[in-house]
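Chemist: Okay, here's the prediction I keep looking at, along with the sequence it came from:
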Amino acid sequence: MIGVRDDGRPLFARIAEQIENSVVDGSLPEEAQVPSTNELAAFHRINPATAAKGVNQLVTSGVLYKRRGIGMFVATGARTLLLERRREEFARAYLAPLLAEARKLGMDAEQVKKMIDTWGDA
């Protein structure tokens, strides 16, 4: 388990992102059991309630589900769900500002594509 860096966001959000990253990179495949909130809390030296808040956030978003008396597991389709969501976030965070700046410079989509192709090979 990779440690959670302090980037100013709440601990529970960083715990949730850590689990999401493990789902996206395949180290936590669908139907795999997720570390318990107590394990997460002990590993990160945080309150179990904080770890639970991060895990519960993922349950609410459909990434994890609970098997009563057994633990939390990665939901079927969770990786696809996360990839779609992250692609949308990527477009909002990077593509929208890129295209807005390109328009200011008088560039059309084809010119931007050519620039990306050129820089992608660099």
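Modeler: Great, that's in hand.
Chemist: use CA for all of it now, contacts and neighbours both
Modeler: Fine.
Chemist: Give me the buried stretch members for the lowest-mean-pLDDT helix or strand in the chain, please.
Modeler: Counting by mean pLDDT, DSSP states H and E, the chain has its least confident helix or strand at helix 109-120, which shows a mean of 90. Under the neighbour-count criterion of 16 or more other CA atoms under 10 Å, helix 109-120 has nothing buried.
Chemist: where exactly do the strands run in this protein?
Modeler: 64-67, 71-74 (DSSP state E).
Chemist: I'd like those as CSV, with mean neighbour count appended.
Modeler: As requested, these are exported to CSV (neighbours: other CA atoms under 10 Å):
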stretch, mean neighbour count
strand 64-67, 18
strand 71-74, 20
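Chemist: can I see the domain layout of the chain?
Modeler: With the TED database as the criterion, the domains of the chain are listed as 11-78, 86-121.
Chemist: and the residue located most distally from the centre of the chain, what are its phi and psi?
Modeler: No residue in the chain sits farther from the centre than Gly106, which is 34.2 Å out by CA atoms, centre = their mean. Dihedral pair for Gly106: phi 80, psi 20, per degrees, to the nearest 10.
Chemist: circling back to that earlier point, most tightly surrounded among the domains of the chain?
Modeler: domain 11-78 (a mean of 17; mean count of other CA atoms under 10 Å).
Chemist: Now do that one, average pLDDT.
Modeler: Confidence for domain 11-78, expressed as mean pLDDT, is 96.
Chemist: end-to-end on that domain?
Modeler: Domain 11-78 stretches 22 Å from its first residue to its last (CA to CA, to the nearest Å).
Chemist: now stretch 63-75
Modeler: 5 Å.
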